[in-house]
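> Can you look at this prediction? I've put the sequence above it.
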Amino acid sequence: MDDLWKELTIDMLPDNLWKHVAEEIGLRNFCKMLEIAGGATLYVPQLESLLRPVRDARIKAEFNGWNYLELAHKYKVTDRLVRSICGPGIVEGQIDLFRDLIDSS
């Protein structure tokens, strides 16, 4: 069975999603994927969900303490999500002008 894939061509595949996948990643990679996961019930995540940690890291890196709306627009998310990623908006080393008022109450 290991050598049979070498005689397989894209044209032999049924005209469906898997044929498109084989065309995109190459027949050999497609066959490797089938050896690993063939026959299994498979959930294929959307690319966006895999890229979420990268997006969140970029948002954190670009956050300056006040640019929630700018980052939300840039990354096509809500400002609420940016706030949940970045926190309350205190940048490291930033002085809290009202700390003494809160501490004395």
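Good, I have the coordinates.
> so residue 15, which of the three states?
State at residue 15, reduced to three classes by DSSP: H, G, I helix; E, B strand; the rest coil: coil.
> Could you report the neighbour count for it?
8 (other C-beta atoms under 10 Å). Placement of C-beta: from N, CA and C, glycine included.
> next one: the one 10 residues further on
Here the number of neighbours of residue 25 (other C-beta under 10 Å) works out to 12.
> Need phi/psi at the closest residue to it other than its chain neighbours.
Distances taken as C-beta to C-beta, 6 or more residues apart in numbering place residue 33 nearest to residue 25, at 7.5 Å, with adjacent residues excluded. Here is the backbone geometry of residue 33 (degrees, to the nearest 10): phi -60, psi -40.
> From residue 26, how far out is residue 33?
Per C-beta to C-beta, to the nearest Å, residue 33 is found 10 Å from residue 26.
> From residue 10, how far off is the residue nearest to residue 25?
Note on residue 33: its distance to residue 10, by C-beta to C-beta, is 15 Å.
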